[in-house]
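Asks: Show me how the following folds:
(one chain, ligands or ions: 1)
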Amino acid sequence: MASSECTVVSETRCFQGSVIKYEHRSETLNCTMRFNAYLPDTRCTLPVLYFLSGLTCTEDNFMQKAGALRYLSDRRIILICPDTSPRGVDVEGQDAADDLGTGAGFYVDATEPQWKDHYRMYSYVTEELPALVGRHLPVDKTRVSIMGHSMGGHGALVCALRNPNKYRSVSGFAAICNPSECSWGQKAFTAYMGDHRKAWADYDATALVKRYTGPALPILLDQGDQDPFLKKGQLLPERFIRAVEDNPEKQNLHLDNHMRPGFDHSYYFIQTFIEEHIQFHARHLLA
Ligand SMILES: N[C@@H](CCC(=O)N[C@@H](CSC=O)C(=O)NCC(=O)O)C(=O)O
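Replies: Predicted structure coming up:
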């Protein structure tokens, strides 16, 4: 398969649009990747929303379980769901645990020799994938937003905070907000980047938001108070909220933060509040 080629694996009707699964050769990740798009029926370009999934997910989890497509169809927004790691590659140790390697790319560009030839999910989701999407789907490249869940919430925050002007809004469900200080993040960052805390800071939403100097950025965070990973200290939303307050230019950080009583970490939680997230992004994408 040539590097710019993108083939349609399947196309499935849903509401007033279609779910399209694509396969392509990724030069960034050195492997064949799949992603899903939801394309509302259209004769013109449409805004685009990226969703980054969490640990153990593929490009399918959010599409199939979140209940988002009805709202995207109504508001005529294209959705792109990438996979969570390189696939079909030969990297020692990548299948030993749920929180490292396959299904756990953590949206970073690895620098350690064992991982760096394939595990470059940050460059993939911010550069290669948007370029590919722009060639194959009718996207308005000036209207782009990003969201995610857990590891993907971390990824979405990092992509938005590192790329002022690229995304109009960002949101997270149960996002890993301070990966340098939780065991999931420390394990992944040590493996992918070595013990270099300065490098970690470039992939840590709490560190990034403290020094953000870009234009106005609307941020929506949702968290369930019965989330077991919140209780285990994996998510640390309170550190992110404090870091926003510590930023001297905090007037540009428009944070809307919700703690939801009784909700956990699952897709039932996501389903419950997905309409609010789509509405939030639609407000900024369609303005
Ligand atoms: N087994 C793992 C956690 C697995 C898990 O809960 N994955 C979540 C994302 S968690 C953070 O990134 C998920 O979205 N699963 C897929 C689904 O469809 O529910 C562990 O306990 O470490």
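
Asks: going forward, measure contacts and count neighbours with C-alpha atoms only.
Replies: Noted.

Asks: Please report phi then psi for Asn163.
Replies: Note on Asn163: backbone dihedrals following degrees, to the nearest 10 are phi -130, psi 70.

Asks: and the residue nearest the centre of the chain, how far is that from the ligand?
Replies: The centre of the chain sits closest to Leu52, judged by CA atoms, centre = their mean, with a distance of 2.7 Å. Remark: distance between Leu52 and the ligand (CA to the nearest ligand atom, to the nearest Å) = 10 Å.

Asks: Could you tell me which residues within stretch 207-226 count as buried?
Replies: 207-213, 216-225 (16 or more other CA atoms under 10 Å).

Asks: Select from those residues every entry located in helices.
Replies: Ala207, Leu208, Val209, Lys210 (DSSP state H).

Asks: could I get these as CSV with distance to the ligand and pLDDT?
Replies: Formatted as CSV, those follow (distance: CA to the nearest ligand atom, whole Å; pLDDT from 0 to 100):
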residue, distance to the ligand, pLDDT
Ala207, 19, 98
Leu208, 20, 98
Val209, 20, 98
Lys210, 23, 98
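
Asks: got CSV for the residues you listed, with distance to Lys187 too?
Replies: Formatted as CSV, those follow (distance: CA to CA, whole Å):
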residue, distance to Lys187
Ala207, 18
Leu208, 20
Val209, 22
Lys210, 23
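
Asks: Restricted to strands, list the buried residues of stretch 207-226.
Replies: With strands taken from DSSP state E, the overlap with the buried residues of stretch 207-226 comprises Leu217, Pro218, Ile219, Leu220, Leu221, Asp222, Gln223, Gly224.

Asks: who in the stretch 151-287 of the chain is up against the ligand?
Replies: When proximity is defined as CA under 6 Å from any ligand atom, the stretch 151-287 of the chain approaches the ligand at Met151, Ser266, Tyr267.

Asks: rerun that using 8 Å as the cut-off
Replies: For the stretch 151-287 of the chain, the residues in contact with the ligand (CA under 8 Å from any ligand atom) are Met151, Gly152, Ala175, Ile176, Trp184, His265, Ser266, Tyr267.

Asks: Could I get the buried residue list for the host helix or strand of Pro130?
Replies: When elements are assigned from DSSP states H and E, Pro130 belongs to helix 129-136. Neighbour counts using 16+ other CA under 10 Å place Leu129, Pro130, Leu132, Val133 of helix 129-136 among the buried residues.

Asks: now the helices for this structure?
Replies: 61-65, 69-75, 121-123, 129-136, 151-162, 183-193, 197-201, 205-210, 228-231, 237-246, 267-285.

Asks: Could you report the distance from Glu245 to Pro218?
Replies: Going from Glu245 to Pro218 by CA to CA, to the nearest Å gives 15 Å.

Asks: still on that earlier bit, most tightly packed of the helices of the chain?
Replies: A comparison of these by mean neighbour count, using mean count of other CA atoms under 10 Å, puts helix 151-162 on top with a mean of 27.

Asks: In contact with the residue in the stretch 151-287 of the chain that the ligand sits nearest to, which residues are there?
Replies: Nearest residue of the stretch 151-287 of the chain to the ligand (CA to the nearest ligand atom) works out as Met151 at 3.8 Å. Taking CA atoms under 8 Å, 6 or more residues apart in numbering, we find Met151 in contact with Leu52, Ser53, Gly54, Leu55, Ala104, Phe106, Ala175, Ile176.
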